[in-house]
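**Student:** Prediction below, plus the sequence it came from.
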Amino acid sequence: MQLDHIDIVTDKTLKSTCHEGLLRVRRLILQNTYDDGTQSQPYNCDIVERRQIDAVSIALYDDVMVDGKKRIKVLLRKGIRAPVYLRKDQEDKKRPEPLYSTIYELVAGVLEDDDLGYEGVDHRAAEEAREEAGLSVDNSDIGSLGASFFPSPGITPEKVYLAACKGDLEDRGEAEGDGSVMEEGATVEILDLRDAIAMCRNGKIQDAKTEIGLIRLADYLGYIPQLDCFVDELPEGLRGKYSDLSVRETGYC
């Protein structure tokens with residue numbers, strides 16, 4: 001099932017308060033106080049929040065042999081994202097761009113109220129792998145891809161945790177989804193890691209958390225996409241200089 005178009009049935013914007021809907025907007029007037037005692041002028045600051053403020057994104061991968069060479073395969077979802085699709089209606093766009101009928105993304109989901117601590121991050125990552133990809137994994141198989149990050153800190157306090165898990169990507173059950181229309185029509189694609197990273201650079205993948213997750217996954221696995229080889233395949237002199245930038249040691253933070 002492919003998207004033909006999206007219609008706006010009702011625009012409730014002008015009749016809604018800032019606290020209605022999935023997201024809420026806090027409209028604040030703030031003032032900074034600095035360590036020397038001086039203060040800034042008061043300024044406007046709008047903050048967009050969900051009730052569940054944070055999310056986890058998981059890089060599902062496997063290594064396979066292709067023509068005698070180890071390749072890393074990754075699983076991505078390709079689905080409809082109405083906000084970017086509706087960019088077509090923005091009259092103030094100054095640059096040409098395609099119609100974003102679908103977007104590639106890593107499997108991801110919001111952290112629920114009972115997802116406590118970093119163990120809760122692992123639990124939610126495993127649940128999303130089952131729900132969005134039909135892949136059954138254990139919480140103990142989930143690994144961190146380094147410190148969490150803020151995707152848009154000038155607008156939202158949302159923090160995204162990045163995880164990884166190896167699994168048999170071809171041995172999947174049915175992806176149940178969460179039952180929402182926003183998840184309808186999503187498909188799963190398995191790509192070569194190097195190709196997926198290249199797609200981030202050429203614009204075929206334009207989701208920031210996905211690019212960050214794929215680059216960190218490459219580091220996590222000791223794979224160098226520009227050279228299309230693993231660290232243990234480097235000449236000894238170069239191998240000794242390689243550092244994975246502590247992705248494995250930092251945890252989620």
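**Tutor:** Thanks, I have it. Numbering: from 1, shown residues only.
**Student:** Please make it C-alpha for all contacts and neighbour counts, starting now.
**Tutor:** Noted.
**Student:** Need the residues that contact whatever helix or strand K209 lives in.
**Tutor:** Using DSSP states H and E, K209 maps to helix 208-220. Contact partners of helix 208-220, identified using Cα atoms under 8 Å, 6 or more residues apart in numbering, comprise 57-59, 104-106, 145-146, 151, 160, 162-164, 193, 196-197, 200, 205, 224-225, 244-245, 247-248.
**Student:** which residues of the stretch 1-150 of the chain fall in helices?
**Tutor:** Per DSSP state H, counting those that start in this stretch, the stretch 1-150 of the chain carries helices over the ranges 82-85, 117-133.
**Student:** gap between the first one and the chain center?
**Tutor:** Distance of helix 82-85 from the chain centroid (Cα atoms, centre = their mean, to the nearest Å) equals 16 Å.
**Student:** before we move on, the earlier item: between the helices of the stretch 1-150 of the chain, which one is closest to Y252.
**Tutor:** Minimum separation from Y252 across the helices of the stretch 1-150 of the chain (Cα to Cα) falls at helix 117-133, 7.3 Å.
**Student:** Give me the buried stretch members for the closest one, please.
**Tutor:** Neighbour counts over helix 117-133 (16 or more other Cα atoms under 10 Å) mark 120-133 as buried.
**Student:** Which pLDDT value does the model give the spatially closest residue to L23 that is not a sequence neighbour?
**Tutor:** Distances taken as Cα to Cα, 6 or more residues apart in numbering put R50 closest to L23, at 4.9 Å, once the chain neighbours are dropped. The per-residue pLDDT reported for R50 equals 89.
**Student:** Would you confirm that R50 contacts G21?
**Tutor:** No. Between R50 and G21 there is no contact under Cα atoms under 8 Å: 9.3 Å.
**Student:** Compare those two and say which one has the larger neighbour count.
**Tutor:** Legend: neighbour count by other Cα atoms under 10 Å for R50 and G21, higher for R50 (16 against 10).
**Student:** Show me where the stretch 151-253 of the chain has its helices.
**Tutor:** In the stretch 151-253 of the chain, the segments counted as helices under DSSP H, counting those that start in this stretch are 193-202, 208-220, 236-239, 247-250.
**Student:** now the longest one, how far from the centre of its chain.
**Tutor:** Right, helix 208-220. Centroid separation between helix 208-220 and its chain, computed with Cα atoms, centre = their mean, is 9 Å.
**Student:** lowest-pLDDT helix or strand in the protein?
**Tutor:** Lowest mean confidence among the helices and strands of the chain (mean pLDDT, DSSP states H and E): helix 247-250, at a mean of 61.
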